[in-house]
Every structure is written in structure tokens, then in C-alpha cells.
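J.: Let's see this in three dimensions:
(chains A and B)
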Amino acid sequence: MKDILAQMITRAALKAHEQGILPSDAIPQPSLDEPKQESHGDFSTNIAMIMAKPQKMAPRKIAEAIVDNLEDPENFLVQTEIAGPGFINFHMRPSLWQRVVKNVLDKGPEFGRSQIGAGQKVQVEFVSANPTGPLHVGHGRGAAVGDAVASLLAMCGYEVEREYYINDSGRQIRTLGLSVWLRYCQLKGREIDFPTDCYQGGYIRDLALSIDSEKLADLDSMAEEDAVLWCARFAANDILDGIRQDLKDFGVIHDVWFSEQSLFDDSSVQKSLEFFEKSGDIYEKEGAKWFKTEARGDEKDRVVVRNNGLTTYFASDIAYHKNKFDRGFDRVIDVWGADHHGYIARMKAAVEAVGRSKEAFEVVLVKLVNLLRDGEPLAMTTRGGTFETLSDVVNEVGADAARFIFLSRHYESPLDFDLELAKKQTSENPVWYVQYVHARTCSIVVKSADFGVPLDFAWDPDQEILKEIEEIRLMKALARYPEIVENAARSLEPHRITFYLRELASAFHSFYHDHMVLKEDQAPVLTKARLDLVTAVRQVIKNGLDLLGVSAPESM
RNA sequence: GCGCCCGUAGCUCAGCUGGAUAGAGCAACGGACUUCUAAUCCGUAGGCCGCAGGUUCGAAUCCUGCCGGGCGUACCA
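T.: The predicted structure follows:
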């Protein structure tokens, strides 16, 4: 509808120019807003104000020229007015909104799909927690955000792949093995001071215990170093299995699990180091090898090979991101915890060195989650081993509530997650509010099957049938959905869907409260039109919740 | 010190990349069930958009400088 209006405005402006009213032929693309105030019409444009300078005319004069030349053969407009400093407000024929109902029903799950991605390949890498311990709530937020961002992009015509990067190489894995090994030795009765730089969580002891009780390996007869390595592999696999299970329970599925170790095994890291040494991006200083990131916008150059010969994390990350682009992705999006934000500049520099633009690589930084219970903060230190795991939270409040709450804020603002509130089945808990709409609409649709009056006929959307203000507001909300999805995808901000769903839900509840759908003593055509409206609402709520990875229950 | 993020109603946050009288949820107060689910709805109240300048027809939004908070700043992972 906006497109049609924009065309009408452009045509009117050109006509005014031909008549000599507007001196310049520079007509910008009109942008149409939906005014906050309903009295300002359904749409408004600021084009007259924008044109004031190039046209050297007063905005209101320009607006007049445009309005006078508007052609509206199909009677889309019931009223057009010039307001304020030069806004043009358009009041649409109310029945026009009815078209959206048909449109939603025709498209079904596809309503909201667009092609702005034009088939570009994009990879979203998220969670990627080290397999040294179970996922905690912060990872959960990252999982919800990454998954929703991926879904949004897929809905907008991108070819999307979800990936998990497994940090299964290097020192922290060895530390993991050592931690398990030492706990194992303790279980065997040896007196050992457990080092503070080892993993303290209770799951380490559980792992050691299971090795012993299930006789998984004869560690006692191994050389200590072999035993540690064995423990490392065993523990990492076991923990990774747990992570996979946690994600599955949370409804998140990655297409690819990419191993860091594999980059060493196939010498990708080595090759990329050699490549950049040749290209001059890597140089030696003080016995270490440095990557020239400062010249590409970082604060300073970064070490990739330490003077002890070991590569840094950054070295494998360079190889990894080179690998991503080699796989043909046009865009690469990493979802990181906010504590890694110091890493962005060097990574962008590396991507540029690989020969891609910095814009092809984006980082979504997810801020931390403060876990609360009845308003009181819960301590989440790994050291004490008392942190709340994702699975604890999911078991307590359910995956739906957790995901919805994780997506209820911009990901860059810290999130307070109150476990008690998430469990409440009241209006304080937004996920219920939205899901309830779906349940209510389903209930109406089910009941309509037994309704006394036959409803299997079509109604003419050009006749004004749905004219109550609550109906119009509801239809306008439906019509907004595709653009919301598009903007959310463009800005990688799934919380916009969450906010939208609350608005749509609110519009529905108001409608529901004031108007019966299945009512005996009302014109069947109105009943049918309302039933279609309700069915369309159900569809859009479902589509939106799908994007967020939240279920849409048929009854509650 | 330097870099990034943030400062909007009592609380938690939106604000569509510059628009009209700044919004929503919760909390508070007052109403609404003979109705397809009251897990709902309607109304009231609540504001120097951190402060001060600048850019322009127009600023919560863009720029600069302060004030206040969070995070980062390893030859760690």
C-alpha cells in the first residue's frame, strides 16, 4: 500500500513540475510513515519539507502542489490534508485494510517472507562455548539471539547456515584433562592440592567418578601425560554431548559443528600463517610473530605465534574465518559475548587481510544476563561451581519463556532474568500474553466448525465489512508485519519481532473483548470476515513466534 | 590513560536510522465477567529524553565537550 502511495506522490510531483509549479525536477523517493496519532491519518510523508531547499519553496506550498495533482482513480484515499510544517497526511479508505486478511490467508507461513537477501549465502556462528563446562544462561541468550537472527535472515531470502565452533584444541582442553585427571587421583585416595587454575565445577568430579565406576579406561597403567590426554578427550566429548543435548532441549539446531583442531590437522593454520608471512601481513619481533592489524584499524598489532612457538587463539581464528569465506559465504556473522568486544577490531582487520570487506564480517555482541529470583540476584561464579546452567533454567521455566525473555530486549543491553517471573502465568509474563492470543484464536477457529450458520463462502474485501476501530487497528497491525521482519533482519535485531508480537497481541485482545466473532444474530458475512481476520491473526502470531523459536500452543 | 556500549515515567525497556503533543509493559489507583478462555479489557496518574553547546525548517535520534555507570584494554583461552 505504501508503494502505491509513493507512486502517486511521485507522479503528482512530476505533474506539478511539468506545469511549472515546482521549479526543479529533482523529486526524491517519498518515504511514508505511520503517524503515531491516528488523527494524522494512516500514512504521512515529509517529502514537501525535504524538497523545500532544492525547490526553494515553502514546504506547505510544495505540499499543496502535490496534493492538487494527486490522481486517485481507484479511490484509495478518503481524505488528504496538509498539516504542521508541511506533512501530507493520507486517510485511506478503510476497506483497503481488508485486503491484508486475504493476503495473510493466501500466503500462510510465507507471509512476511521477502527477497532482500537475494539468495546471498550467510553464515551465523553462535554459542561456540568451549567444551570445558556446561552451557550457562549467558550462552542461552546467545543461542536464542543467534538462532533468531538466522531465522530472520532465512525468512528474508538469505541462504543461511548455523554453525558452532568447537574450541577443542590448545591449552584449555589440556587443563580440562588435567582437572579430571587430578580429581581422579583424589578419588583414588591421593593427597593433591587442586590448582586454582583448574576447572572447579562439580561436573569435573562427576566425570572422574564415571571413568572409575564404569571402568572406561585403565588410567593407572598409563603414563601421566597419556592419562591427562585421555581424560581431556573423554571430558571434552562428554561435555560436548551435554551441550548438544542442552541446545536440542532449547530448540536450537546447528547445521555445522566445526572443530578448531581440524584446522591444525589439515594444516590450515600453518598455511594461513605462511600465506600472510608472504603477503607481509605477518612479521617477526622479539621472537614472536605479529599480525599487522593496527594498519587496518586495530589499536595495535597482535601476536599470532608466541616466542615459545605456540600459536595463539587469534592464529586459529584467522584461519577459521578465512575458511568461512573460502566456503563461499557472502556474509559472516559471529554472535559473541560482550566480554569479547575487544576482539572485533583485530578480527575485522584479519578479514580485510583475507581480501574481504570489513562489512562482510559482522559481530553481534550479546550482553550478560543477570539471573534473579524474586528480584534478588543469583551469584553466577564458575569458581564456586554454583552458577546456573542453561539446562537448569530451561527445566525450571521452560524453553518458551526462556527464549522469549532472552529476546525481549536489544541484545546489547544487559538483561535481568527473573526466574520466578518467568514462571508466572499472569500478564506480568509477556510470553503468556502472546501465546494466549494463539490459543484464543485457535479456540475460535475450532468452534466455528460447529457454528449454526454455514461459513464456507467468500466475502468481497472491497465491500466495507470490517469497519470497527478495533478491527481496523488489528488489520493495520497485520499489514505492518512484513516490514517489521525486514527491518529486524536488516538490523539483525530479533527483539523487534518480540515487541511487534506484543503490539499485535494487544490489538487482538482489545478486538476480542469488544466484538464477538461467532454470534448468531449477526450478518453471516460479518461473521465470516471476522473469522478470517482471526485466522489471519493466528497465522501471523505463529509466523512471528516461529522466528523466535517459541512454540504457539493451540490451547492453554 | 585509551577504546566500545549505555544514561528516556517509580521499575524494566522501546523509539522504525532526523519528524507533529516522546511510547509500551510492570508497579499504583479506579472500573468491566449472562459473551468464542478475565492468563483478558477500559480508564487515571506518572517526563528538564544525564548536562551544556553545535548542525537545520525540525534533535531522544547526528556532531563536540563534560558528568555518571558497565565492559574491554595479555606473547590468556
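J.: Now do the SS call for the residue nearest to the spatial centre of chain A.
T.: Centroid-nearest residue in chain A, with C-alpha atoms, centre = their mean: A:Val149, separated by 2.9 Å. Following DSSP: H, G, I helix; E, B strand; the rest coil, A:Val149 is assigned to helix.
J.: If we ignore the residues flanking it in sequence, what's nearest it?
T.: A:Leu492 (5.3 Å; C-beta to C-beta, 6 or more residues apart in numbering). Quick note: C-beta positions are derived from backbone N, CA and C, even for glycine.
J.: Contacts only, for that neighbour.
T.: A:Val149, A:Leu152, A:Ile333, A:Glu362, A:Val364 (C-beta atoms under 8 Å, 6 or more residues apart in numbering).
J.: Just the buried residues out of these, in PyMOL syntax.
T.: Remark: buried members of these, expressed as a PyMOL selection using 16 or more other C-beta atoms under 10 Å:
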select buried, chain A and resi 149+152+333+362+364
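J.: in stretch A:487-501, what counts as buried?
T.: So, applying 16+ other C-beta under 10 Å, buried residues of stretch A:487-501: A:Ala488, A:Ala489, A:Leu492, A:Glu493, A:Pro494, A:His495, A:Arg496, A:Ile497, A:Thr498, A:Phe499, A:Tyr500, A:Leu501.
J.: Tell me which residues touch the fifth one, please.
T.: I take that to be A:Pro494. A:Val145, A:Ala148, A:Val149, A:Leu152, A:Leu407, A:Tyr411, A:Ala488, A:Leu547, A:Leu548.
J.: and if we set it to 6 Å?
T.: Residues in contact with A:Pro494 (C-beta atoms under 6 Å, 6 or more residues apart in numbering) are A:Ala148, A:Val149, A:Leu407.
J.: Ramachandran coordinates for it?
T.: phi -60, psi -20 (degrees, to the nearest 10).
J.: per-residue confidence at it?
T.: Listed pLDDT for A:Pro494 reads 94.
J.: ok, for it, nearest residue in space, not its chain neighbours?
T.: Per C-beta to C-beta, 6+ apart, closest to A:Pro494 is A:Ala148, 3.7 Å.
J.: now do the fourth one
T.: In space, not counting the residues next to it along the chain, A:Glu493 is nearest to A:His410; the distance is 6.6 Å by C-beta to C-beta, 6+ apart.
J.: residues from the stretch 51-200 of chain A in reach of RNA strand B?
T.: The stretch 51-200 of chain A has residues A:52-53, A:59, A:83-87, A:89, A:130, A:167, A:170-172 near RNA strand B, with proximity defined as C-beta under 7 Å from any atom of the strand.
J.: likewise the stretch 251-400 of chain A?
T.: Checking the stretch 251-400 of chain A against RNA strand B by C-beta under 7 Å from any atom of the strand, the hits are A:285-288, A:299, A:303, A:306-308, A:310, A:312-313, A:338-343.
J.: Drop anything exposed from the residues you listed.
T.: A:Val303, A:Thr312, A:Tyr343.
J.: Adding secondary structure, pLDDT and distance to A:Ser427, write the residues you listed out as JSON lines.
T.: Below are these laid out as JSON lines (DSSP: H, G, I helix; E, B strand; the rest coil; pLDDT from 0 to 100; distance: C-beta to C-beta, whole Å):
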{"residue": "A:Val303", "secondary structure": "strand", "pLDDT": "95", "distance to A:Ser427": "54"}
{"residue": "A:Thr312", "secondary structure": "coil", "pLDDT": "93", "distance to A:Ser427": "51"}
{"residue": "A:Tyr343", "secondary structure": "helix", "pLDDT": "91", "distance to A:Ser427": "41"}
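J.: which one among the residues you listed gets closest to A:Glu38?
T.: Taking C-beta to C-beta as the measure, A:Glu38 lies nearest A:Tyr343 of these, at 47.1 Å.
J.: and the one residue in the stretch 301-450 of chain A that gets nearest to RNA strand B, which of the three is it?
T.: Using C-beta to the nearest atom of the strand, the single residue of the stretch 301-450 of chain A nearest to RNA strand B is A:Gly342, 2.3 Å away. At A:Gly342 the chain is in helix, as set by three-state DSSP.
J.: Okay, it and A:Leu178: tell me how far apart.
T.: 28 Å (C-beta to C-beta, to the nearest Å).
J.: roughly how far out does the helix or strand of chain A with the lowest mean pLDDT sit from the chain middle?
T.: Here the helix or strand of chain A ranked lowest by mean pLDDT, DSSP states H and E is strand A:376-377, holding a mean of 75. Relative to its parent chain, strand A:376-377 has a centroid offset of 27 Å by C-alpha atoms, centre = their mean, to the nearest Å.
J.: now swap in stretch A:266-278 and tell me
T.: What separates the centre of stretch A:266-278 from the centre of its chain is 34 Å, taken as C-alpha atoms, centre = their mean.
J.: again, but for stretch A:164-173
T.: Using C-alpha atoms, centre = their mean, the offset of stretch A:164-173 from its chain centre is 26 Å.
J.: Likewise for stretch A:389-408?
T.: 16 Å.
J.: Could you do stretch A:221-234 as well?
T.: Per C-alpha atoms, centre = their mean, the centroid offset for stretch A:221-234 relative to its chain is 41 Å.
J.: Then stretch A:292-299?
T.: For stretch A:292-299, the distance to the chain centre is 30 Å (C-alpha atoms, centre = their mean).
J.: mean confidence for it?
T.: Per-residue pLDDT over stretch A:292-299 has a mean of 89.
J.: what residues does that stretch touch?
T.: Here stretch A:292-299 has contacts from A:Asp281, A:Lys300, A:Asp301, A:Arg302, A:Ala345, A:Arg346, A:Ala349, A:Glu352, using C-beta under 6 Å, 6+ apart.
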